[in-house]
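Asker: After the sequence you'll find the predicted model.
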Amino acid sequence: MSVEEMLVNGEEKMEKAVNSLKKEFAGVRTGRANPLILDKVVVDYYGVPTPLRQISQVSVQDGQTLVIAPYDKSILKEIEKAMIKAELGITPNSDGIVIRLTFPPLTEERRKEISKDVKKMGEEAKVAIRNIRRDMTDELKKIEKADNLPEDAVKDNQDEIQKLTDKYIKIIDTVTSEKEKEVLTV
């Protein structure tokens, strides 16, 4: 592996860590109706586990309610069961045609708890970035030994690895603080 490949691989891994964090944040309840919370709901559709959003139309009504309208009305009960099984923290209400999920407003205390969880997720993502940095540094040492790289080239590459790490840590800080603001906003 060359130094360039190692840097590209490392950056891809850091990008994946940031994307994973964003995906995790999408599932965090903020008191507002967010269709992304349904991404983990899988419905048994004629024996095939199918993501809910593929077999129904999901819309946001009045900012506090999600309306799930299945394309096939005969699977309404299956959808309800899957939603309960997914432990969304919200009880689905069915009227025989659509299912409504009403998000109760979060209490101040609950918002603070969620904010702490968001910070913790951000810290875990930073740890992942630092682990990638460590792996890249180890790889650089192997390349240095194998290719007999000059000391200044190694130093430059270490600086490059640190710049990448700083860049992605800053992105994580930004994404985390935005999510915290969203959670704490009433």
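Answerer: Thanks, I have the structure now. Numbering: from 1, shown residues only.
Asker: and the most centrally placed residue in the chain, how far is that from residue 40?
Answerer: Centroid check for the chain by CA atoms, centre = their mean gives residue 23 as the closest residue, at 1.8 Å. Noted for residue 23: a distance of 10 Å to residue 40, by CB to CB, to the nearest Å. C-betas here are computed from N, CA, C, even on glycine.
Asker: do residue 149 as well
Answerer: According to CB to CB, residue 149 and residue 40 sit 46 Å apart.
Asker: In terms of neighbours, single out the busier of those two.
Answerer: The residue with more neighbours, out of residue 149 and residue 40, is residue 149; 17 against 13, by other CB atoms under 10 Å.
Asker: doesn't residue 143 make contact with that one?
Answerer: Yes. Residue 149 is within contact range of residue 143, at 6.7 Å (criterion: CB atoms under 8 Å).
Asker: Could I get the average pLDDT for the longest helix along the chain?
Answerer: In the chain, with assignment by DSSP state H, the single longest helix is helix 108-147. Mean pLDDT, helix 108-147: 92.
Asker: just checking, next helix/strand downstream of that helix?
Answerer: Following the chain from helix 108-147 toward its C-terminal end, the next helix or strand by DSSP states H and E is helix 151-184.
Asker: now that following helix and helix 108-147, what's the angle there?
Answerer: Here helix 151-184 points in a direction 170 degrees away from that of helix 108-147 (axes from the mean of the first three to the mean of the last three CA atoms, to 10 degrees).
Asker: Could you name the helices and strands sitting against helix 151-184?
Answerer: Packing contacts for helix 151-184, counted by 3 or more CB pairs under 8 Å, 6 or more residues apart in numbering; DSSP states H and E, involve helix 3-26, helix 108-147.
Asker: Quick check: pLDDT value at residue 90.
Answerer: 81.
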